[in-house]
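In: Kindly return the folded structure for what I paste below:
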Amino acid sequence: MKTIKKTILIAFAGMALVFTSCNKDDDGGDDGSTSGGGEFFTAKVDGNSFAASTDIATLIGATKTTNNGVTLVTAQGSTNDGDFINFSIFSYNGTGTYTTGDNLTNPNMIQYGEVKGQTAQVWGSNLASSAVGGLIAGKITITVDADGVLEGTFSFEGYNADNMSTKNITEGSFKVTIDN
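Out: Predicted coordinates:
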């Protein structure tokens with residue numbers, strides 16, 4: 001069971017990185033109105049401040065795609081050191097509150113990761129972490145979805161299957177531009 005949980009967690013981490021990866025427009029070519037200035041991704045991680053970099057190279061971003069009538073929204077904020085928070089909402093339906101890590105059939109996920117050298121430790125709230133039991137489910141609330149911008153709040157208790165530790169992510173807020 002531990003191997004299955006770890007495999008699912010790694011699969012979701014990889015999927016989130018694929019969906020939030022850079023595209024050809026990330027390195028320039030815009031009018032400067034969305035890079036850095038208005039975007040943010042912040043939270044408290046076990047009481048310590050996390051703030052994604054607002055460098056022009058865009059360490060903050062989001063995607064919204066629809067396939068076969070199902071909309072997927074992903075967003076990520078990363079520090080210059082590589083630490084990150086990202087989330088994916090499957091069957092996205094506009095503004096509202098979405099839950100993560102509450103049951104094995106809910107594909108929504110949110111995670112926090114710390115990069116140390118060449119390795120990353122990840123604490124997630126997803127369908128695999130729901131099997132652990134006793135964890136506080138994650139909440140992602142989208143308050144604005146207009147003019148190519150998503151804005152909202154989040155909180156979750158992340159679980160790391162490698163060392164069976166948890167981290168509480170609170171006071172999360174974000175404003176991201178959706179990449180087309």
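In: Every contact and neighbour count from this point should use C-alpha atoms.
Out: OK.
In: Could I get the pLDDT score of T3?
Out: Listed pLDDT for T3 reads 44.
In: Kindly report the same for the one 4 residues further on.
Out: According to the model's per-residue confidence, T7 sits at a pLDDT of 39.
In: Name all residues that make contact with T105.
Out: Counting by CA atoms under 8 Å, 6 or more residues apart in numbering, T105 touches L127.
In: Near G69, how many other residues are there?
Out: Neighbour count for G69, taken as other CA atoms under 10 Å: 8.
In: Read off the pLDDT value for it.
Out: Confidence at G69, expressed as pLDDT, is 93.
In: Also G28?
Out: G28 is given a pLDDT of 38.
In: Next, give phi and psi for A128.
Out: Backbone dihedrals for A128, given as degrees, to the nearest 10, come out at phi -70, psi -40.
In: Show me what the longest strand belonging to the chain pairs with in its sheet, parallel or antiparallel.
Out: Longest among the strand segments of the chain by residue count, using DSSP state E, is strand 165-179. According to DSSP bridges, strand 165-179 forms sheet pairs with strand 40-45 (antiparallel), strand 60-67 (parallel), strand 149-160 (antiparallel).
In: ok, and which of the ones you listed has the densest surroundings?
Out: Highest mean neighbour count among the strands paired with strand 165-179 (mean count of other CA atoms under 10 Å): strand 149-160, with a mean of 23.
In: and D162, how many residues sit next to it?
Out: Neighbours of D162 (other CA under 10 Å): 13.
In: try the one 3 residues further on
Out: Other residues near S165 come to 10 when the count uses other CA under 10 Å.
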